[in-house]
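Engineer: Pasting a predicted model and its sequence here:
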Amino acid sequence: MSSRIAVLGAGIQGCCLALRLARRGHSVDLIDENAMPFVGASVNNEGKIHLGFVYARDPRQRTHRVMAQGALAFASALRDIAGLEPRDYTADLRFHYAVPHDSQLSVDQVEAHFQRVEQAVQATASVGGDDYLGGSLEGPLFRRLTEAELISAFAPDFVDAAFETREEAVDTRRLGSLLRAAVFRHPRIRFLGRTRVVGANIESTRSVVLTTDHGGRVAECAYEAVGNCLWSGRLAVDATVGLVPESPWLFRYKAIVRVPSQYGRAAACTVPSTTFVVGPYGDVVDYGNGSFYLSWYPLFKLVETRTLDGASLSEALADIDRQELAREGTAALSRYMPALSRLLDTDVIFEVGGGVIFGWGDTDIDDPESGLHERWRIGPYRYGPYVTVDTGKYTMAPYFALEAAGMIEDALAGVPQNGLEVLAG
């Protein structure tokens with residue numbers, strides 16, 4: 001039976017949930033404060049479909065197991081949600097992990113973690129299938145670069161070792177475009193842009209009233225269920241229905257840089273797509289056509305807040321000299337990957353964007369004991385007809401969309417629940 005449902009937030013999580021519910025026959029209002037879906041963190045990230053390699057600092061060793069679930073379900077969930085195939089959105093990239101000389105973990109500790117990841121991924125694949133972005137994960141998932149390979153790509157004074165992995169990325173812009181088109185094409189989805197949700201009220205076991213602000217026009221609207229997939233504003237809306245987190249949290253705004261292909265080709269720059277572990281480092285994605293994604297955390301983290309609403313952080317780029325920021329970040333990265341310095345020898349005009357990062361913890365990742373080194377306490381939570389989704393990482397969004405949709409349909413069917421229902425972790 002069709003129901004009227006609101007989905008808050010039109011990033012990858014919200015679009016996937018809206019499409020899943022619409023394909024199940026429900027009428028969905030997809031609400032976002034931006035004029036279009038997919039304009040924030042869902043586009044401005046490296047698009048890595050995590051198998052868990054980066055979470056070597058998790059003391060409980062749980063994050064990589066959660067990531068394996070999401071990664072191995074990513075392609076099949078998107079096929080079910082939007083009829084997409086991996087060839088439609090994959091970037092054909094393999095990620096490397098480099099261990100800087102001042103990493104929080106030794107090379108041996110990182111390699112031991114990689115071995116645990118490999119075991120966990122193989123165990124997950126044996127249960128649910130090994131379809132990772134349309135391909136098989138048979139055989140080793142990582143290998144250590146030889147000394148010659150290391151020296152050819154990295155500065156030996158700054159990098160002690162590096163590993164090639166089977167981990168891949170998707171083209172976030174391409175996938176965003178495809179999901180945006182699917183949302184606009186679906187007759188059961190109505191997109192309400194430039195609309196900010198300022199509060200929610202659970203009226204009964206089958207009714208949630210939202211208060212929205214559309215250009216200064218405040219209105220209330222009742223829905224049979226709500227899925228809160230906001231990213232920077234999720235906690236603030238949750239608080240209006242009485243859901244205030246017990247654990248500390250941190251919102252951060254991180255800038256990202258994209259190098260258009262013509263500049264990369266002019267510089268004849270080629271580097272392996274790499275994440276530096278473990279600490280406040282960054283990422284490089286080489287798309288193979290001259291274009292790059294660059295992130296250098298110490299410099300590109302512009303602002304942070306421990307308030308319930310991180311939406312205001314998106315203003316962080318307003319007064320920044322973006323080209324100077326990009327050049328400084330590229331110069332810092334080039335100390336670890338010398339070939340990147342060639343970009344600075346051209347008249348490159350960088351594209352600079354950014355997005356909000358959310359994580360549980362009250363200190364940043366430069367603290368070895370920070371909670372931000374973990375991402376396993378994530379997933380959809382149900383409170384009556386109100387479901388709130390902590391996506392955690394891009395990797396998990398399609399998987400959590402299926403789970404959140406199931407929770408919403410349980411609520412619509414009157415399936416009872418005891419208190420707060422926690423699915424993941």
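Structural biologist: Structure received.

Engineer: in the sheet, who's paired with the closest residue to Gly329 other than its chain neighbours?
Structural biologist: Nearest residue to Gly329 in three dimensions, chain neighbours excluded: Trp296, at 4.1 Å (Cβ to Cβ, 6 or more residues apart in numbering). Quick note: C-beta positions are derived from backbone N, CA and C, even for glycine. Legend: beta-bridge partners of Trp296 under DSSP bridges are Gly282.

Engineer: Report the contact partners of Trp296.
Structural biologist: By Cβ atoms under 8 Å, 6 or more residues apart in numbering, the residues touching Trp296 are 281-282, 329-330, 332-333.

Engineer: Kindly recompute the last result at 10 Å.
Structural biologist: Residues in contact with Trp296, defined by Cβ atoms under 10 Å, 6 or more residues apart in numbering, are 254-257, 276, 280-284, 325-326, 328-334, 336.

Engineer: now do Phe292
Structural biologist: Phe292 is in contact with 257-261, 263-264, 267, 269-271, 273, 284-286, 330, 333, 340, 343, 348, 350, counting by Cβ under 10 Å, 6+ apart.

Engineer: Make a PyMOL selection of whichever of those turn out to be buried.
Structural biologist: In PyMOL, selecting the buried portion of the contacts of Phe292, with burial taken from 16 or more other Cβ atoms under 10 Å, looks like this:
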select buried, resi 257+258+259+263+264+267+269+271+273+284+285+286+330+333+340+343+348+350
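
Engineer: Among the contacts of Phe292, which are located in strands?
Structural biologist: With DSSP state E as the criterion, strands contain 257-259, 284-286 from among the contacts of Phe292.

Engineer: which residues of the stretch 201-350 of the chain fall in strands?
Structural biologist: Using DSSP state E, counting those that start in this stretch, the strands of the stretch 201-350 of the chain run over residues 207-214, 217-223, 225-228, 249-259, 274-276, 282-286, 292-296, 301-305.

Engineer: quick one: which of those is nearest Leu30?
Structural biologist: Judged by Cβ to Cβ, the one of the strands of the stretch 201-350 of the chain that comes nearest to Leu30 is strand 225-228, at 9.7 Å.

Engineer: residues of that closest one that come out buried?
Structural biologist: Of the residues in strand 225-228, those scored as buried under the neighbour-count criterion (16+ other Cβ under 10 Å) are 225-228.

Engineer: Mind checking the pLDDT average for that strand?
Structural biologist: Taken as a whole, strand 225-228 carries a mean pLDDT of 98.

Engineer: which residues of the stretch 301-425 of the chain score low on pLDDT?
Structural biologist: Of all residues in the stretch 301-425 of the chain, those with pLDDT under 70 make up the ranges 418-425.

Engineer: the helices in it, which residues?
Structural biologist: Per DSSP state H, counting those that start in this stretch, the stretch 301-425 of the chain has helices spanning 322-334, 397-412. These are given in chain order.

Engineer: Switch these over to a markdown table; also include distance to Pro248.
Structural biologist: Compiled in a markdown table, those are given as follows (distance: least, Cβ to Cβ, whole Å):
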| stretch | distance to Pro248 |
| --- | --- |
| helix 322-334 | 28 |
| helix 397-412 | 23 |
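
Engineer: Let me know which of these is tucked in deepest.
Structural biologist: Comparing the helices of the stretch 301-425 of the chain by mean neighbour count (mean count of other Cβ atoms under 10 Å), helix 397-412 comes out on top with a mean of 23.

Engineer: Please find the angle between the direction vectors of it and strand 207-214.
Structural biologist: Between helix 397-412 and strand 207-214, the angle formed by their directions is 130 degrees, by axes from the mean of the first three to the mean of the last three Cα atoms, to 10 degrees.

Engineer: returning to that earlier point: can you give me the pLDDT of the residue nearest to Gly329?
Structural biologist: Predicted confidence (pLDDT) at Trp296: the value is 96.

Engineer: try Ser126
Structural biologist: 76.

Engineer: Could I get the buried residue list for the helix or strand hosting it?
Structural biologist: Per DSSP states H and E: Ser126 is located in helix 107-128. With burial defined by 16+ other Cβ under 10 Å, the residues of helix 107-128 counted as buried are 110-111, 113-114, 117-118, 120-121, 124-125.

Engineer: still on that earlier bit, out of the buried residues of strand 225-228, who's nearest His186?
Structural biologist: Checking these against His186 by Cβ to Cβ gives Gly227 as the nearest, at 15.6 Å.

Engineer: what sits opposite the closest one in the beta ladder?
Structural biologist: As assigned using DSSP bridges, the partners bridged with Gly227 are Val7, Val387.

Engineer: ok, now how distant is it from Pro187?
Structural biologist: Distance, Gly227 to Pro187, using Cβ to Cβ, to the nearest Å: 19 Å.

Engineer: what's the answer for Val110, then?
Structural biologist: Note on Val110: its distance to Pro187, by Cβ to Cβ, is 50 Å.

Engineer: residue contacts, Tyr263?
Structural biologist: Residues near Tyr263 by Cβ under 10 Å, 6+ apart: 269, 290-292, 342-343, 346-350.

Engineer: mind giving me TSV with these and columns for distance to Leu137?
Structural biologist: Supplementary listing: these in TSV, determined by distance: Cβ to Cβ, whole Å:
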residue	distance to Leu137
Cys269	30
Gly290	30
Ser291	27
Phe292	27
Arg342	34
Leu343	33
Thr346	38
Asp347	42
Val348	37
Ile349	39
Phe350	35
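
Engineer: Which one of those is nearest to Arg79?
Structural biologist: Out of the contacts of Tyr263, the one with the shortest distance to Arg79 is Ser291. That distance is 27.1 Å, counting by Cβ to Cβ.

Engineer: what's near enough to touch the residue nearest to Pro380 when sequence neighbours are not counted?
Structural biologist: Nearest residue to Pro380 in three dimensions, chain neighbours excluded: Ala404, at 3.9 Å (Cβ to Cβ, 6+ apart). Counting by Cβ under 10 Å, 6+ apart, Ala404 touches 7, 13, 16-17, 20-21, 227-229, 379-382, 387-389, 391, 397, 423.

Engineer: cutoff 8 Å now
Structural biologist: Taking Cβ under 8 Å, 6+ apart as the definition, contacts of Ala404 comprise 17, 227, 229, 380, 387, 389.

Engineer: can you redo the residues you listed as CSV with distance to Arg180?
Structural biologist: Output for those, formatted as CSV (distance: Cβ to Cβ, whole Å):
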residue, distance to Arg180
Leu17, 14
Gly227, 18
Cys229, 15
Pro380, 22
Val387, 23
Val389, 19
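
Engineer: any idea how far the residue nearest to Pro380 is from Leu8?
Structural biologist: 12 Å.
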